[in-house]
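Enquirer: Just the structure for this:
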Amino acid sequence: MNRDMTTALAEQLDAQLAAPGAMDAARFASFLDGQREIGLVHGTRALCRHLRPYLITEQDYAAVAGAAERVAAALERVARRALVDAALADELGLSADERALAALDPGDGPFLTVGRLDMLVTEGGFSFIELNADSPAGITDQLLIEQTLMDLPHMAPFRSRPGLRTPAPHRGLIRALREGYAAWGGREPRPTIAIVDWATVDTAAEFKVLADLLSAEGHRTMILDPDQLEYDGVRLSAGGEPIDLVYRRVITQELIGRRGVDHPLVRAYRDRAAHVANSFRTKPLNKKAAFAVLSDPEFSGLFSPGQRAAIAAHVPWTRRVKAGRAEWRGREVDLVELVLGEQESFVLKPNDEYGGKGVLLGWQTPPDAWREAVLGGEAQRAIVQERSSSRTERMPTFRDGIVEEEVYFDLCPFVFAGRMEGAMVRLSASAVSNVCAGGGVTGLLIVDDALASKEGAGDV
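Expert: The predicted model follows:
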C-alpha cells in the first residue's frame, strides 16, 4: 500500500481545509446534523467526524480487490466443505442448530451474496483478519459521505477533478440481490423486498437509506422486525403483503436463540418460498475459526494455488486455542505455552461475536487477565491470531479549530457475489476500530495512478 503516492493530494486537501472560512464551529455542527438527517449514524451518533476521505491509488485498490476476492472464495470453500464434513464443522464450532440450518439447501444463487472483510493496513501491505458474512453493515456509508463530507467547501476542488473516483457499494448490493434472486428462480421483474432485523438495532437508519434506494429502482421495499413475518406454508408475508426476497440482516445466532428454528423466516427459507440473502449456509463463514482453517497447513489442500498465495500474503497466523502442538514461524511449539509466553504478539477473540466484543489485545491486556483468558480459551472455543501491526493515519477534525488526530483505521472491502466493490473505512482512537465500540467512518477516494504519480512527484 503506497502512502507516498497519495500524500501530496492529502496535503492539498488539508491546506484547503485550513484556509480562512473553510471550517468553523457552526459549519462542523451543521456537518454532523446533516449526517443525522440522512442516516449516517449509529443509533443517534453521527459517524463521520474526520474531514478527509481515505485516499488509495487504483493500483492498490486493484491489489486489495484481487486478494479480497481470492480470500473470500477460499472461505467459501471452507464453508462448503463444512456442510459435508462433520469434523470440519466441529473445528469451526458450529452448534447443532447452526449445522441443521446450514444443511438446508436454499436453491441456486451465490453462496455469499454480500460479505465484508475486516482488513488492517500495515506498513507495506495489508492483512485480512475477519469476515462478516451474517450482517455486514456500512454499505450505504460511502454514498452518504458523498452527500456530506464531499459536499463541504474544502472538498470542492476535488469533486469533479479528473483522475478521482468513488466506489459504489450500494450498487454492488442491489446488483447482487437482483442477480441472486434471478439465479434462485425468481420470476418477478421487480421483486418485493423485505429488509429484516430487530426494530431496536443501532443500524436501523441504514435500512431506511437502503429501502429508499431499492424503492427508487422499482422494488416495493419493507423494513420488518422478524416478529412481523408470517408464513402460511405457501407465501412469506407481512401484514398480508407477499414477500419475494428477504435481505437478511438479523444475525443467525440471535434469531435462533430468541425465536428458534421454527420461525416463519426459517420455514419459508426451508421451503424455498422466498429468496433469502444471505442464506443460512453462510454461518460457517462468520466463525472466526474459519481463519484458523485458512492459515493451518493441514487444510491447504482445500484451496487453489491463487487462494493459497493470497492466504500466505494476507492472512495472519490463526489457530483455535487448544492444548497441543502447532507450527509457528518455522518451528514446532506448544500452542498454549506460546500464546502465554509471547503475549504481545497475539490477539484473542471469541469464535462467534461481533462489534469487537470480547477481543483481547495481548499488548494491552494485564498478564493475569491474559493468562486466565488463554487457559479458559479451549472451553470457550476462542481463537488466537498473530498481531498485525496496523498503520495509523493523521486525520483532520474540528475541535475548537482544525486539529489532527492520529487514528487507527481499517479498510474493510465489500464482496458482492464474489466481486469487490468499495470498502468501509473505519477510524478509531483504539486499535479495535469498530463502529459498535465507538469508532467512526470516512469515505474512500480512488486516485488514478497517473495522477497519484504526478502529484507524488510534486508536479501539482
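
Enquirer: any low-confidence regions in the chain?
Expert: Where the chain drops to pLDDT under 70, the residues are 1-4, 433, 437, 452-460.

Enquirer: Find the residue at the geometric middle of it.
Expert: Centroid-nearest residue in the chain: residue 116, 3.0 Å away (criterion: CA atoms, centre = their mean).

Enquirer: for that residue, phi and psi?
Expert: phi -130, psi 120 (degrees, to the nearest 10).

Enquirer: so how many other residues sit close to the residue nearest to it when sequence neighbours are not counted?
Expert: In space, and not counting its chain neighbours, residue 116 is closest to residue 136: 3.6 Å by CB to CB, 6 or more residues apart in numbering. In this view, the C-beta of every residue, glycine as well, is placed from N, C-alpha and C. Residue 136 has 23 neighbours, counted by other CB atoms under 10 Å.

Enquirer: And for residue 317?
Expert: Neighbours of residue 317 under the rule other CB under 10 Å: 19.

Enquirer: What residues are bridge-paired with the closest residue to it other than its chain neighbours?
Expert: Nearest residue to residue 317 in three dimensions, chain neighbours excluded: residue 386, at 4.1 Å (CB to CB, 6+ apart). Beta-bridge partners of residue 386, counted by DSSP bridges, are residue 346.

Enquirer: can you list the domains in the chain?
Expert: Domain assignment for the chain, taken from automatic domain parsing, gives 4-286+391-456, 317-386.

Enquirer: wait, which of those is closest to residue 305?
Expert: With CB to CB as the criterion, residue 305 lies closest to domain 4-286+391-456 of the domains of the chain, at 10.1 Å.

Enquirer: host element of residue 156?
Expert: Residue 156 is part of helix 156-159, with elements assigned from DSSP states H and E.

Enquirer: still on that earlier bit, helix, strand or coil for the residue nearest to residue 116?
Expert: coil (DSSP: H, G, I helix; E, B strand; the rest coil).

Enquirer: That one reaches residue 114, doesn't it?
Expert: Yes - look at residue 136 against residue 114 with CB atoms under 8 Å: they come within range, at 5.9 Å.

Enquirer: who touches both of these two?
Expert: residue 414 (CB atoms under 8 Å, 6 or more residues apart in numbering).

Enquirer: what's residue 157 in contact with, if anything?
Expert: Residue 157 neighbours (CB under 8 Å, 6+ apart): 12, 16.

Enquirer: hmm, back to that, ok, the residue nearest to residue 116 to residue 251 distance?
Expert: 11 Å (CB to CB, to the nearest Å).

Enquirer: all strands of the stretch 251-400 of the chain, in order?
Expert: Assigned by DSSP state E, counting those that start in this stretch, the stretch 251-400 of the chain shows strands spanning 275-277, 318-320, 325-328, 331-334, 346-349, 360-361, 383-386, 392-398.
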